[in-house]
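J.: Sequence first, predicted model second:
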Amino acid sequence: MIRYFASHQTAANILMFIIVLSGFLVLPTLNKETFPQIDTNKIKVTVAYPGASTGEVEEGICNRLEDATDGISFMEEQRCEARDNIGILTLDMQEEGNIQHFLNDVNAAVDGITDFPDNAEEPVVEELGRTKPVVSVAINADLAQPELKALAEYYRDRLLALPETPIVTVSGFSTHQLSVLIKPESLRQYQLSIEDIANRIKSQSIDMPAGILDSDERSYQIRFSNERRTVNELADLIILDNVNGAQLRLGEVARIEDDFTDEEMRTDLNGKPAATLKISKNLTDDTLTIFNAVKKFVDEENVRLPETTRLVITQDTASIVQDRLSLLLRNGWQGLALATLALLLFFTWRYTFWVALGLPISFVGGLVVMSIFGISINMISMVALLMAIGILMDDAIVISESIESEYRNNKSPLQASIDGIRKVARGVFSSFATSAILFGSLLFLKGDMGQIMGVLPVVLLSVLTISLIEAFLILPHHLKHSLERHHDQQRANWRIHLDTGFERLRNRVGSMGEMAIRYRYAVLGGAIALFIISLSLIPAGFIKFKSFPDLEGNILDARIILPQGTPFTRTDEVVSILLESLKKSLAQLPAEEDGELVKNIQVSYSSNVDAGEDGVHLATISLDLLDAEIRVNSLNDLRRLWLEATPTIADAISIQYKEPSFGPAGQAISIR
């Protein structure tokens, strides 16, 4: 087959174009994200129990959920969290199980519970890990909370209308409610009670089906739609009427307020009230496509909006994906360029071109295999492609040097290509087998780490497999043509001098090898000593172990936990102290050339992802920083100065200055 492809006029080129065309066709379908998708294998059951304390939730919700789900097949862990007004059960499945069957079993078990408290709402069962956050859009405006919520809902509908944004949720508000404050004198005047008015509101403000009306031609569905959702609609509701047609409306006996159940559950951005739209993606969506669509939408809206109202992109994790992928791509082409320049020192430019072309062909072909296995373009797959550069160039250099060596032995270009390939074929296959064994072992890792690292061998071996096809079937044909074009050309003087100098260098290195053989025991002892010293660096603590390297992002959080029962005024004081210390910290850092280091400061009250609870004793300060690639100051330097500038807050349970984690990260140690 090698002889056929080397001698045939078009077979090698046709195969090359098939690989390249297939790669470019699948490239737009590959999703781009930071880390590969992880199957979390977790099911969450949420049951709302309005007005219940944590003890009542534990007794009425958690105990029943735990009893019902005991004994489900392939269940690894079961835990239920009781909070005020809500119970949350999380079930972890063993890796051997099937998530769909596991979900069906959980649904059946929860549906079988018949003794939930009367006020408990219907259970919500969902599979975790099906969505990922992409970016948030903060709506910054000097508006009251109800008006700000209405504006947020308007922009949520606008964003959902875009085909690129599948999931948009509004946050930064507590439960929205219409409060009816009844005048005492009106109750006495009309001989009404609070319960009477509540019953009249309940009986009239409804939205429900009223049956079906059948006619000869068709059937009509009748629905009673009279739910009052605004202050004016509720004020117009009739409380009393008589036979004379006189009517008493709710607005005449009560004051109706549009507010929220918890005014202290709010978000501020740069010192002003803000609503947050969180944009997420499904497993099949592309992170950068969503981010670009949201950024374009925000830019267009800000042009039309007044200066008092702004849409601001915050919590941006998508641009980090773009920055990291751009960095890896830049490193990739720089490595290819350096390898090509090294080849030019020893081969002709045409010969070097065909040798170097094998690298992009292998990469493009590897994209096809990635698409087949459902692998996205992410940090791990890009690292695998970078690792492949060195391996592929080694094989290409071995093959090309072998072919040229055979050609210098006065063989024809065709015969030199065939004999040169056959001479090193066993060595190239051995190199491929070694890589397959070494990296293929990562496929046997378990857990989240196994899912992450398992991408590396699949991508690497995919590229190496395509490179073997290119090296044995495509490269010989092109090198044969290169030798035919240059067989009668004289070698340049600079190349003759380079070859002479390289020959002298090789002889000197060879003499060092002879010296190593002469003093073989000293060399062996030195190698063993270096090996022992290298191993001792790990237990001695000089070399640290981390699952993944630290990737400095663009977001820094200060997460505050105060004792339960702390009033909101104290929480606000602690936030003010941290903001003041932040100003002092920023003043100590060098000025940035491309703008302010901190672009936005977002304060989310009653929110802390580390706390596992809600309440006014919680708060999170989030900083949006300049991109890591263009800023002068390090995120770690800012974190250290912020910590040092903050005075001791005696009543704080925890204040953590940390960066939101990416990938399969979590707490180093968790004690329950």
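T.: Ah, there it is.

J.: distance of the closest residue in space to Gly447 that isn't next to it in sequence from Lys446?
T.: Nearest-residue entry for Gly447: Glu95, 7.4 Å, with adjacent residues in sequence omitted and distances by Cβ to Cβ, 6 or more residues apart in numbering. To be clear about C-beta, it is placed using only N, CA and C from the backbone, and glycine gets the same treatment. Computed as Cβ to Cβ, to the nearest Å, the Glu95 to Lys446 distance reads 6 Å.

J.: Among those two, which residue is more densely surrounded?
T.: Glu95 (12 against 9; other Cβ atoms under 10 Å).

J.: Could I get the contacting residues of that one?
T.: Glu95 makes contacts with Asn41, Lys446, Gly447, as judged by Cβ atoms under 8 Å, 6 or more residues apart in numbering.

J.: now do Leu159
T.: Per Cβ under 8 Å, 6+ apart, neighbours of Leu159: Val137, Thr165, Val168, Leu277, Ile279, Val294, Phe297.

J.: wait, which of the contacts of Glu95 is closest to Thr29?
T.: Asn41 (26.2 Å; Cβ to Cβ).

J.: And the contacts of Leu159, which of them are buried?
T.: With burial judged by 16 or more other Cβ atoms under 10 Å, the buried subset of the contacts of Leu159 is Val137, Thr165, Val168, Leu277, Ile279, Val294, Phe297.

J.: SS state for Glu76?
T.: Per DSSP: H, G, I helix; E, B strand; the rest coil, the local secondary structure of Glu76 is strand.

J.: To what extent is it buried, counted in neighbours?
T.: 13.

J.: Would you confirm that it contacts Gln94?
T.: Yes: applying Cβ atoms under 8 Å, one finds Glu76 in contact with Gln94, separated by 4.7 Å.

J.: now the longest helix belonging to the chain: mean pLDDT?
T.: Looking across the chain with DSSP state H, the single longest helix is helix 379-408. Averaged across helix 379-408, pLDDT comes to 80.

J.: on contacts alone, who are the packing partners of that helix?
T.: helix 318-344, helix 349-372, helix 413-440, helix 455-469, helix 475-486 (3 or more Cβ pairs under 8 Å, 6 or more residues apart in numbering; DSSP states H and E).

J.: go again using 10 Å as the cut-off
T.: helix 318-344, helix 349-372, helix 413-440, helix 447-453, helix 455-469, helix 475-486 (3 or more Cβ pairs under 10 Å, 6 or more residues apart in numbering; DSSP states H and E).

J.: Render the CA-only coordinates of the shortest one in PDB, please.
T.: Once non-C-alpha atoms are left out, helix 447-453 reads as follows in PDB (Å, rounded to 0.1, in the frame of the first residue of the first chain):
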ATOM      1  CA  GLY A 447     -14.600   9.900  39.300                       C
ATOM      2  CA  ASP A 448     -14.600  13.500  38.000                       C
ATOM      3  CA  MET A 449     -10.800  13.500  37.600                       C
ATOM      4  CA  GLY A 450     -11.100  10.400  35.400                       C
ATOM      5  CA  GLN A 451     -13.700  12.200  33.200                       C
ATOM      6  CA  ILE A 452     -11.500  15.200  32.800                       C
ATOM      7  CA  MET A 453      -8.200  13.500  32.200                       C
END
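
J.: Pull out the buried residues from that helix.
T.: Across helix 447-453, burial judged by 16+ other Cβ under 10 Å covers Asp448, Gln451, Ile452, Met453.

J.: Can I get those residues in JSON lines including pLDDT and distance to Ser326?
T.: JSON lines is the format used below for these (pLDDT from 0 to 100; distance: Cβ to Cβ, whole Å):
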{"residue": "Asp448", "pLDDT": "75", "distance to Ser326": "26"}
{"residue": "Gln451", "pLDDT": "81", "distance to Ser326": "25"}
{"residue": "Ile452", "pLDDT": "82", "distance to Ser326": "21"}
{"residue": "Met453", "pLDDT": "82", "distance to Ser326": "23"}
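
J.: So which of those is the closest to Ile437?
T.: Met453 (15.7 Å).

J.: There's contact between the closest one and Leu460 in this structure, I believe.
T.: No: contact criterion Cβ atoms under 10 Å: Met453 and Leu460 do not qualify, at 11.3 Å.

J.: okay, who's weakest in the contacts of Glu95 by pLDDT?
T.: Minimum confidence in the contacts of Glu95 sits at Gly447, scoring 75.

J.: and that residue, how far is that from Leu535?
T.: Distance from Gly447 to Leu535, by Cβ to Cβ: 26 Å.

J.: try Thr40
T.: In terms of Cβ to Cβ, Thr40 sits 36 Å off from Leu535.

J.: who's more crowded, these two?
T.: Thr40 (17 against 10).

J.: Surely that one and Asp92 touch.
T.: Yes: here Thr40 reaches Asp92: they are 8.6 Å apart, a contact under Cβ under 10 Å.

J.: any residues in contact with both of the two?
T.: When contacts are counted by Cβ atoms under 10 Å, 6 or more residues apart in numbering, the set common to Thr40 and Asp92 consists of Leu128.

J.: What is the nearest of the contacts of Glu95 to Ile466?
T.: Lys446 (28.9 Å).

J.: so what's the closest one up against?
T.: Counting by Cβ under 10 Å, 6+ apart, Lys446 has contacts Glu95, Gly454.

J.: for it, phi and psi?
T.: Reported as degrees, to the nearest 10, the phi and psi values for Lys446 are phi -110, psi 170.

J.: now do Asp70
T.: phi -60, psi 140.

J.: Skip the chain neighbours and tell me the closest residue to it.
T.: That would be Gln78: by Cβ to Cβ, 6+ apart, it lies 7.5 Å from Asp70.
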